[in-house]
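A.B. asks: Dropping a prediction and its sequence here:
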Amino acid sequence: MDINFNKNEDFNKLQLSELKKKLLKVYKGGGDKAIEKHKLKGKLTARERIENLLDKNSDTLEIGAFAGEDMYKEHGGCPSGGVVVKIGYIKGKQCIVVANDATVKAGAWFPITGKKNLRAQEIAIENKLPIIYLVDSAGVYLPMQDEIFPDKEHFGRIFRNNAIMSSMGITQIAAVMGSCVAGGAYLPIMSDEAMIVDKTGSIFLAGSYLVKAAIGESIDNETLGGATTHCEISGVTDYKAKDDYDALNKIKNIVDKIGDFDKAGFNRAIAKNPIENPEGIFGILPSSRSEQYDMHEIIKRIVDNSEIEEYKEDYGKTIICGYARIDGWAVGIVANQRKVVKNAKKEMQFGGVIYSDSADKATRFIANCNQKKIPLVFLQDVTGFMVGSKSEHGGIIKDGAKMVNAVSNSVVPKFTIIIGNSYGAGNYAMCGKAYDPRLIVAWPSARLAVMGGEQAAKVLLQIETASLKKKGEKITSEKEQEILESIQQRYDEQTSPYYAAARIWTDAVINPLDTRKWISMGIEAANQAPIEKQFNLGVIQV
């Protein structure tokens with residue numbers, strides 16, 4: 001192995017180590033003291049509840065672990081958005097589980113909590129996955145109510161989605177395992193079946209203090225909305241559980257009886273491991289964003305048997321398109337090539353840049369995958385579309401628009417892995433978050449931005465120095481360098497994969513070695529939702 005491989009490997013494994021450290025912190029929720037206080041009430045933590053609900057030793061995917069990362073500092077933070085979301089298996093059936101984390105501000109809903117819950121429901125709707133709600137929440141976080149309560153994608157959308165999912169026949173089961181107050185009380189009751197844990201669970205529109213203030217009635221919370229009240233008097237809940245474990249067992253028993261589903265019919269063969277060692281990814285992926293590498297070598301370490309049937313191999317070389325299998329599932333891969341290549345005219349083409357011929361090839365390939373009912377996997381390391389007079393005169397905007405059109409109108413499920421750069425319109429054409437990938441994840445090496453840091457910093461520097469000069473300030477070379485460094489630091493923070501994950505622009509930051517699992521479980525989920533639309537590109541300029 002060459003020294004460059006070893007340097008890359010050290011760098012990327014350090015990034016992976018940083019990811020693992022960050023995740024360990026996230027898993028603590030509100031911290032050790034809050035966890036201890038929570039357990040003194042006889043309750044399991046959100047993560048323990050999910051662990052006891054899902055099948056032992058089965059694969060899981062956590063959605064939005066970094067939601068809220070470094071946000072709301074003035075309010076004490078909101079680790080993981082105050083809610084844990086996992087896709088996993090209950091009695092062998094794939095489900096999505098949403099559990100409020102009451103160690104984080106008593107499970108109160110911050111704006112990012114609402115966004116994360118809506119993302120969980122979106123996944124359930126797209127894939128027709130049963131969804132389980134483990135409720136333990138104090139309701140809307142009142143100091144930020146204007147950012148969580150009234151808008152279309154705010155708190156109320158949750159209950160609208162409950163109703164939509166019910167009409168679609170998607171199973172929803174709720175277990176009230178702690179507080180469930182105010183508007184939040186509608187979530188379990190709009191589910192198909194609801195249960196409540198005796199003595200720790202409670203459901204009411206207004207608690208005892210508010211009832212006293214509003215109408216003068218003196219009543220304790222247990223009598224007002226505890227398990228006995230709702231199972232024996234109001235009939236609001238369907239089952240009473242004696243503790244958390246009993247509630248989780250009841251959910252397992254209900255899920256165990258759910259009938260089979262119509263399948264989309266995606267092709268799956270016997271899974272085979274890659275021949276090339278996946279660990280090699282760490283040595284191939286360069287430590288510098290400007291260095292080249294061959295994306296074929298990454299693909300070989302992700303796909304079954306390290307085999308890909310490449311489409312138009314010698315045309316449009318800055319995008320690789322081809323058919324492969326991942327954990328047995330047939331997939332169509334669209335990947336940015338990161339090394340400098342030559343086109344048919346012997347002209348040099350920059351790696352990571354989308355040229356007209358590459359966009360044309362990708363558009364055709366995406367259409368082919370839709371016709372053949374093959375899920376699409378996008379491997380992003382893209383700096384954008386080629387610029388300059390030659391590209392503009394050659395119709396790069398038109399060709400790019402065709403590719404964006406094909407991605408937008410695809411009816412097969414799409415999965416996006418951000419490996420390196422994800423800049424500008426390249427993010428869009430390669431199925432960024434705005435283009436409805438079923439799942440979108442980033443490696444620790446990823447960066448998301450409207451343009452690369454170096455170019456952006458120079459543009460922002462020009463704007464900032466011009467503004468200061470207008471105010472009469474003299475800009476020395478030292479002052480200019482100081483401004484540039486400040487801009488670069490700020491920009492680097494905003495392009496970090498963790499910044500994106502905190503805002504749920506991606507579903508997760510993952511270990512590259514887990515890529516196969518994310519794609520395989522994602523296609524398995526998608527296979528539960530038969531394709532109901534025909535692929536149609538609409539009007540495009542040829």
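C.D. replies: Structure's in. What do you need? Numbering: from 1, shown residues only.
A.B. asks: what residues does whatever helix or strand Val407 lives in touch?
C.D. replies: Taking DSSP states H and E as the criterion, Val407 maps to helix 396-409. With CB atoms under 8 Å, 6 or more residues apart in numbering as the test, helix 396-409 has contacts from 354-356, 359-360, 362-363, 366-367, 385-387, 414, 425, 428-431, 435, 535-538, 540-541. Every residue, glycine included, has its C-beta placed from N, CA and C.
A.B. asks: So which of those sit within strands?
C.D. replies: Under the assignment DSSP state E, the contacts of helix 396-409 contribute Ile354, Phe385, Lys414 to strands.
A.B. asks: Could you check how far the first one is from Leu376?
C.D. replies: Going back to what we said before, that points to Ile354. Ile354 sits 16 Å away from Leu376 when distances are taken as CB to CB, to the nearest Å.
A.B. asks: repeat for Thr171
C.D. replies: For Thr171, the distance to Leu376 - CB to CB - is 28 Å.
A.B. asks: who has more neighbours, the two?
C.D. replies: Leu376 (24 against 21; other CB atoms under 10 Å).
A.B. asks: looking at this protein, which helix or strand is least sure?
C.D. replies: Among the helices and strands of the chain, helix 453-470 carries the lowest confidence by mean pLDDT, DSSP states H and E, at a mean of 73.
A.B. asks: which secondary structure elements does that helix contact?
C.D. replies: Applying 3 or more CB pairs under 8 Å, 6 or more residues apart in numbering; DSSP states H and E, one finds that helix 453-470 makes contact with helix 477-495.
A.B. asks: Whatever helix or strand comes next after the helix it packs on packs against which elements?
C.D. replies: The helix or strand immediately downstream of helix 477-495 is helix 497-502, counting by DSSP H and E. With contacts defined as 3+ CB pairs under 8 Å, 6+ apart, the packing partners of helix 497-502 are strand 439-442, strand 447-449, strand 508-509.
A.B. asks: can you list those strands in a markdown table and add mean pLDDT and mean neighbour count?
C.D. replies: Output for those, formatted as a markdown table (pLDDT from 0 to 100; neighbours: other CB atoms under 10 Å):
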| stretch | mean pLDDT | mean neighbour count |
| --- | --- | --- |
| strand 439-442 | 98 | 26 |
| strand 447-449 | 90 | 21 |
| strand 508-509 | 98 | 24 |
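A.B. asks: Which residues belonging to stretch 325-338 are considered buried?
C.D. replies: Across stretch 325-338, burial judged by 16 or more other CB atoms under 10 Å covers 325-327, 329-338.
A.B. asks: and stretch 151-158, how far from the chain's centre?
C.D. replies: 19 Å (CA atoms, centre = their mean, to the nearest Å).
A.B. asks: cool, and stretch 517-532?
C.D. replies: Chain-centre distance of stretch 517-532: 15 Å, with CA atoms, centre = their mean.
A.B. asks: could you give me the average pLDDT of it?
C.D. replies: For stretch 517-532, mean pLDDT is 97.
A.B. asks: what comes up buried for it?
C.D. replies: 517-529.
A.B. asks: swap in stretch 259-271?
C.D. replies: Applying 16+ other CB under 10 Å to stretch 259-271 flags Ala264, Phe266 as buried.
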